[in-house]
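**Q** Can you look at this prediction? I've put the sequence above it.
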Amino acid sequence: MQVTQTEAGIRMKGTVAARHVLPSALLVRACGLLLLWIILMGPAPQNLPLGLVASAAGVWASTLLWPPDGTISWIGLVRFLLRFLPQSVLAGLDVARRAFARVPDLHPGMANCRSTIPGGLARDSACAVMSLQPGKLPVAADPDGMLHIHCLDLREAVAAQVAADEAAFRRMLKPERRDG
Amino acid sequence: MNGLADIVTVVLVTVGALLFLAGTLGLLRFPDTLSRLHAISKADNVGLGLIVVGLLPQATSLTGGLKPVCVWLLAQLSAATASQLLARTIYDDQVEP
């Protein structure tokens, strides 16, 4: 039910976004997607028509999913990645340690934390990012911002970890797009 | 130089494969569905990342190196999204039987 509400919200914002995204912004997105296609499929001319169609489809999808003022702070993005990548590696090693233990070292359970990320696409993205961080897997978000998080080990300081994850994510968002 | 590159490749790909093994072990040994979801989303992701980084020294061109990196980024994106959708569905089923 939660997912349906969120998706509906994204679709509504997407409809607005489709009307307001500047042509230059669409061109940048199209070039980026075409570049990605060329990297993945190679620069062979016979692949290019399909690449152009795929890029156009990607741009159309982005107008539905990406807010019109959906800019991010590049410095914030770099700082976020510098934290996210090591944490992501730690998450994998943490799972490996627990999985290889003679008896899996787990105290799983649910924890609730109030999110400071605005609802909508921003919060959904933050939850997706958090699911790749050590020991946490957001499973639901209430409309008031309460996150329900499945944890591998409830003995850890989950609230502090969530606050740190969200602080790093928030630095990426420019103030004008905080409505997600 | 080639020897060093090969050593880096062998070490990183081996560790990456071990992380895939850890993810599979977690899938089999962890006690509940949501915990198993942690295992396959987190360990496999890092395993794939290490394999990609390990293969970079073997790349013969810039695009040959960028391609696996892009594949890894797309895999990260899809793993995060898929684990979210699965987790929400599982949680909803548990809350509203």
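**A** Now that the structure is in, tell me what you want to look at.
**Q** Please make it C-alpha for all contacts and neighbour counts, starting now.
**A** Noted.
**Q** could you point out which element follows the lengthiest helix in chain A?
**A** Taking DSSP state H as the criterion, chain A has its longest helix at helix A:74-100. Where DSSP states H and E defines the elements, the next helix or strand beyond helix A:74-100 is strand A:109-114.
**Q** Can you list the strands that that following strand pairs with?
**A** Sheet pairing here is set by DSSP bridges, and for strand A:109-114 it gives strand A:146-151 (antiparallel).
**Q** contact partners of the strand it pairs with?
**A** For strand A:146-151, contacts defined as Cα atoms under 8 Å, 6 or more residues apart in numbering or on different chains pick out A:107-115, A:135-141, A:158, B:34-35.
**Q** cool, stretch B:18-31 as well?
**A** Stretch B:18-31 is contacted from outside by A:92-93, A:95-96, A:98-100, A:104, B:36-37, B:39-44, B:46-48, using Cα under 8 Å, 6+ apart.
**Q** Report the buried residues of it.
**A** Across stretch B:18-31, burial judged by 16 or more other Cα atoms under 10 Å in any protein chain shown covers B:18-27, B:29-30.
**Q** Take that stretch, keep the C-alpha atoms, and write them as CSV.
**A** Output of stretch B:18-31 as CSV, limited to C-alpha atoms (Å, rounded to 0.1, in the frame of the first residue of the first chain):
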residue,chain,number,x,y,z
LEU,B,18,34.5,-15.7,-1.9
LEU,B,19,32.0,-12.8,-1.2
PHE,B,20,29.6,-14.4,-3.7
LEU,B,21,30.0,-17.7,-1.7
ALA,B,22,29.3,-15.7,1.5
GLY,B,23,26.1,-14.3,0.0
THR,B,24,25.0,-17.8,-1.0
LEU,B,25,25.9,-19.2,2.5
GLY,B,26,23.9,-16.3,4.0
LEU,B,27,21.0,-17.1,1.8
LEU,B,28,21.0,-20.7,3.0
ARG,B,29,22.0,-20.2,6.7
PHE,B,30,20.3,-16.9,7.8
PRO,B,31,17.1,-17.5,9.8
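**Q** thinking again about what came up before, narrow the contacts of strand A:146-151 to those that are buried.
**A** With neighbours counted by 16+ other Cα under 10 Å, the contacts of strand A:146-151 contain buried members at A:108, A:113, A:115, A:135-141, A:158, B:34-35.
**Q** Check those and tell me the two furthest apart.
**A** Within those, A:115 and B:35 form the most distant pair, 22.0 Å apart (Cα to Cα).
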